[in-house]
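Trainee: Sequence first, then the predicted structure, then my questions.
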There are 2 protein chains.
Amino acid sequence: MRRFVVVGHRASTSPGFPLDDLAGGAGRMDLLLNAASAALLVSHDIRRDAEVILILLGPPDPPVTIRLEGERLQSYSPDIRTDAGLVRGALGRVSRIEREASPGVFVSRRGLAEALEGIHEPVIQLREDGKDIREFELPRDIAFVLSDTMDMTAEEEATVSRKCIAVCRVGPRSIHTDHAIAIAHNELDRRHPP
Amino acid sequence: MRRFVVVGHRASTSPGFPLDDLAGGAGRMDLLLNAASAALLVSHDIRRDAEVILILLGPPDPPVTIRLEGERLQSYSPDIRTDAGLVRGALGRVSRIEREASPGVFVSRRGLAEALEGIHEPVIQLREDGKDIREFELPRDIAFVLSDTMDMTAEEEATVSRKCIAVCRVGPRSIHTDHAIAIAHNELDRRHPP
């Protein structure tokens, strides 16, 4: 299993966030949904061995964790506006205990620390100042943690560093979250063909 | 200069294409705009040495070529809905001779063949069945040609093959256009740091 945990510092936790303003009013929900697409989709198919965990920390009621399981998703659109509808639906059903709001879409009132606790694969943080991912031994089952456009807070960094085995970078430039995920997948696809 | 030419077989050529239905009514304009983001953007900045050329072949009035120059763009949003507005603006000003509809956004009534004619860098086609890009010598100045979700027609393939020096793949899996672009950039960033 490949997991990608993405922290959305401003991502809306309202089930009514605006579909027409994912970048603004929904707190860069577009970034999280692009990251989810990079984690879950290949051409004309879903990666069944992948999962993305979105940590929504924006108003009005954070934290919320949305977990999308490639194995159970019945469909996932390359169109993020459609996927935003899935997330809105899940935000209307948040509870302490994780529940499956729709097939493959799980929601809970977890934050970053609790979400990481539930991960049993080795965890790697992807960050610009890490070691080159190409020179790092990557197991087949693995989890990556990434932030959105904002750096992690000191508290988040501490939480992540307690759990992760390494900090890696995907290349020499600082790039968008979804592109970093695509490159990490590519590296794994090369080393561990399905 | 790094150029990325992306063929959008169904992409709308109407200046009134719907901003709320980029994936459907606008003919997978979302795919083209995601590809443009991957070609042009890094974290908090534009790649000044990059250009993306979108070939729009959908109704009502194809072909139209939109060329986005990283060097001249004054801003380019990570939010594709905002960028779609730039494309709509350009579609309202199509003419035979290329013109700059807004800073860095050029529009003309060119098709794929004419767009390729204007490219002086070595051209590589990115396709699933090509040679591994990691094993190929990539010059600093280079152009890539990619298709959207549809395979190129036989005529398009013939046009591209007359111009291109090689067909490469970015990895073992067939992935989305924007992710392939992100991986090609990564490969170039590693070999030719800015």
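Mentor: Looks like it came in fine. Residues are numbered from 1 along each chain as shown, chains lettered A, B, ... in the order given.
Trainee: quick check, distance from the biggest strand by length in chain A to the centre of its chain.
Mentor: Looking only at chain A and at elements set by DSSP state E, the strand with the highest residue count is strand A:123-132. Put simply, strand A:123-132 sits 15 Å off its chain's centre (Cα atoms, centre = their mean, to the nearest Å).
Trainee: Just the buried positions in that strand, please.
Mentor: Neighbour-count burial for strand A:123-132, counted by 16 or more other Cβ atoms under 10 Å in any protein chain shown, picks out A:123-127, A:130. Placement of C-beta: from N, CA and C, glycine included.
Trainee: quick one: which of the residues you listed is nearest chain B?
Mentor: Nearest to chain B among the buried residues of strand A:123-132: residue A:127, at 11.5 Å, using Cβ to the nearest Cβ.
Trainee: Which residue is the nearest non-sequential neighbour of that closest one?
Mentor: Residue nearest to residue A:127 in three dimensions, not counting chain neighbours: residue A:167, with 5.3 Å by Cβ to Cβ, 6 or more residues apart in numbering or on different chains.
Trainee: If you tally nearby residues, what's the number for residue A:45?
Mentor: If you count neighbours by other Cβ atoms under 10 Å in any protein chain shown, residue A:45 ends up with 12.
Trainee: residues touching the residue nearest to residue A:111 when sequence neighbours are not counted, list them.
Mentor: Nearest non-adjacent residue to residue A:111, counting by Cβ to Cβ, 6+ apart: residue A:63, 3.7 Å away. Residue A:63 makes contacts with A:13, A:55-57, A:109-112, as judged by Cβ atoms under 8 Å, 6 or more residues apart in numbering or on different chains.
Trainee: Now do the residue nearest to residue A:127 against residue A:138, distance only.
Mentor: With distances taken as Cβ to Cβ, to the nearest Å, residue A:167 is found 14 Å from residue A:138.
Trainee: overlap in contacts of those two?
Mentor: By Cβ under 8 Å, 6+ apart, the residues touching both residue A:167 and residue A:138 are residue A:124.
Trainee: Next, residue A:134: phi, psi?
Mentor: Backbone torsions for residue A:134, taken as degrees, to the nearest 10, come to phi -70, psi -20.
Trainee: again, but for residue A:10
Mentor: Main-chain dihedrals, residue A:10, degrees, to the nearest 10: phi -110, psi 0.
Trainee: gap between it and residue A:63?
Mentor: Distance, residue A:10 to residue A:63, by Cβ to Cβ: 12 Å.
Trainee: What residues does chain A have near chain B?
Mentor: Within chain A, the positions near chain B by Cβ under 8 Å from any Cβ of the partner chain are A:19-24, A:30-31, A:34, A:37-38, A:41-44, A:77-82, A:149, A:170-176, A:178-179, A:182-183, A:185-186, A:189-190, A:193-194.
Trainee: Going by neighbour count, which residues of the strand or helix carrying residue A:114 are buried?
Mentor: In this structure, residue A:114 sits in helix A:112-117 according to DSSP states H and E. Using 16+ other Cβ under 10 Å as the test for burial, helix A:112-117 gives A:112-113, A:115-116.
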